[in-house]
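Colleague: Got a sequence here, can you model it:
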Amino acid sequence: MKGGKPKSQAKNAALSVNKKAAAAATKPSRSTKKDKKAKDPAKPKRPPSAFFVFMEDFRVQYKEKHPQNKSVSVVGKAGGDKWKSLSDTEKAPFIAKAEKRKADYEKNMKAYNKKQAEGAKDDDEESEKSMSEVNNEDEEDDEEEDEEDDDDE
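Modeller: This is a model prediction of the structure:
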């Protein structure tokens, strides 16, 4: 056998390609950017947890002690280790700050949702009004066409 694959290997190669193509065809496609809703820039950001409130202060302290360090991961690991070593009483101020920020966030979200609901009502009223105006104009146009048809006869 010069220069070619045996028939059994050629069949196996063809089958393996088809299996891959079939698997790719049955796989659900990933969502595209078109599928995602646009984010509202006016929507309030979620509040940080107690750990992230702690990390805000910790990052500043760590950078003062280690100015040569440029790695974010090292700061994060050190902060995580420090947070784990803190007692509940040491964590209390950060938990209190996080709860205060959460309360502010909930207040802002209520105001945001209320504003969104009012905006949606205004849009609905305008669309209903425009719908009735469009329908009235169509009816008037039909009546005018009927009158013109009567004049032609």
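Colleague: Using CSV, write down the CA coordinates of stretch 84-100.
Modeller: What follows is stretch 84-100, C-alpha atoms only, in CSV (Å, rounded to 0.1, in the frame of the first residue of the first chain):
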residue,chain,number,x,y,z
LYS,A,84,-10.0,35.8,58.2
SER,A,85,-7.7,36.5,61.2
LEU,A,86,-9.9,39.4,62.4
SER,A,87,-12.3,38.7,65.3
ASP,A,88,-16.0,39.6,65.2
THR,A,89,-15.5,42.7,67.3
GLU,A,90,-12.7,43.9,64.9
LYS,A,91,-15.0,43.3,61.9
ALA,A,92,-18.0,45.1,63.6
PRO,A,93,-17.1,48.6,62.2
PHE,A,94,-16.8,47.4,58.7
ILE,A,95,-20.1,45.4,59.0
ALA,A,96,-21.8,48.6,60.3
LYS,A,97,-20.5,50.7,57.4
ALA,A,98,-21.7,48.0,54.9
GLU,A,99,-25.2,47.9,56.5
LYS,A,100,-25.4,51.7,56.3
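Colleague: Identify the residues contacting that stretch?
Modeller: Here stretch 84-100 makes contact (C-beta atoms under 8 Å, 6 or more residues apart in numbering) with 47-54, 83. From N, CA and C alone the C-beta is placed, and that goes for glycine too.
Colleague: ok, the residues you listed vs Asp104, which is closest?
Modeller: Nearest to Asp104 among the contacts of stretch 84-100, counting by C-beta to C-beta, is Pro47 at 7.2 Å.
Colleague: Surely the closest one is in contact with Asn108?
Modeller: No - using C-beta atoms under 8 Å, Pro47 is not in contact with Asn108; the gap is 9.6 Å.
Colleague: quick one: which of the contacts of stretch 84-100 is nearest Ala120?
Modeller: Within those, proximity to Ala120 (C-beta to C-beta) peaks at Pro47, which comes in at 25.5 Å.
Colleague: follow-up on the earlier one: okay, the contacts of stretch 84-100 in TSV with pLDDT and neighbour count next?
Modeller: Listed next are the contacts of stretch 84-100 as TSV, based on pLDDT from 0 to 100; neighbours: other C-beta atoms under 10 Å:
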residue	pLDDT	neighbour count
Pro47	96	18
Pro48	95	17
Ser49	96	14
Ala50	96	19
Phe51	96	16
Phe52	96	14
Val53	96	21
Phe54	96	23
Trp83	96	16
